[in-house]
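In: Provided below for reference: sequence and predicted model.
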Amino acid sequence: MAKEKLEEMLEIPEGIDVKIDGYKITVSKGDKSLSKLFATKVLRFEMRDGKIVFFSDVNTKRQRKILGTYKVLIKNMFKGVAEGHKYILKICSGHFPMTVNVSGNELAIKNFLGESIQRKLRFPPEVSIKVTGDQIFVESIDKSLAGQIAARIETLTKIRGRDIRRFQDGIYIINKDGKELV
């Protein structure tokens, strides 16, 4: 049976400013700022005593799940404006020497599996991509944007129509926000 009311608080780390305007939350620190729209009918939130307070008239499993998701998204926003999010990808080329270049807002992969056509990926200016040796560093204050671009780079070199046990060339995510994946 559901309890009557749901109310939880989320501490705001020191040095981070939060502004709530309806269902839009803006998190900023220094010159870095992130905004996200949390369009929901089941939860409301407001600022009280330096904390974000989430509340709902009904306390069900669904509301608690949504609340948990929103808390994690806001914590990721806190970490993004404070430290940023970083993904590291490894360039693996066994058969043909692959070249990866970044110019402006475009990543170009040349000579993947001996192809004469370049594979290109445009990325938004909020994301920073650097190529150093056989590693690609993807950084952004928005975790979902950094993760999406890293995944698109990995998908760009997905091998189709060949034996993947033999052709292991590609670009693979090896580190997400300091957590090793290999």
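Out: Structure received.
In: helix/strand/coil for residue 62?
Out: helix (DSSP: H, G, I helix; E, B strand; the rest coil).
In: check which residues of stretch 92-105 are buried.
Out: By neighbour count on 16 or more other Cβ atoms under 10 Å, the buried set for stretch 92-105 is 93, 98, 100. (Each C-beta comes from the backbone N, C-alpha and C, glycine too.)
In: other residues contacting it?
Out: 91, 107-114, 122-125, 129-131, 134, 136, 167-172 (Cβ atoms under 8 Å, 6 or more residues apart in numbering).
In: could you export the buried residues of stretch 92-105 as CSV, including secondary structure?
Out: CSV is the format used below for these (three-state DSSP):
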residue, secondary structure
93, coil
98, coil
100, strand
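In: filter the contacts of stretch 92-105 down to the buried ones.
Out: Looking at the contacts of stretch 92-105 with 16+ other Cβ under 10 Å, the buried ones turn out to be 91, 107, 109, 110, 111, 112, 123, 129, 136, 169, 170, 171.
In: those residues into TSV, with extra columns for secondary structure?
Out: Formatted as TSV, these follow (three-state DSSP):
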residue	secondary structure
91	strand
107	strand
109	strand
110	strand
111	coil
112	helix
123	coil
129	strand
136	strand
169	coil
170	strand
171	strand
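In: which of the buried residues of stretch 92-105 lies closest to residue 29?
Out: The nearest member of the buried residues of stretch 92-105 to residue 29, counting by Cβ to Cβ, is residue 100 at 31.9 Å.
In: that'll do, ta.
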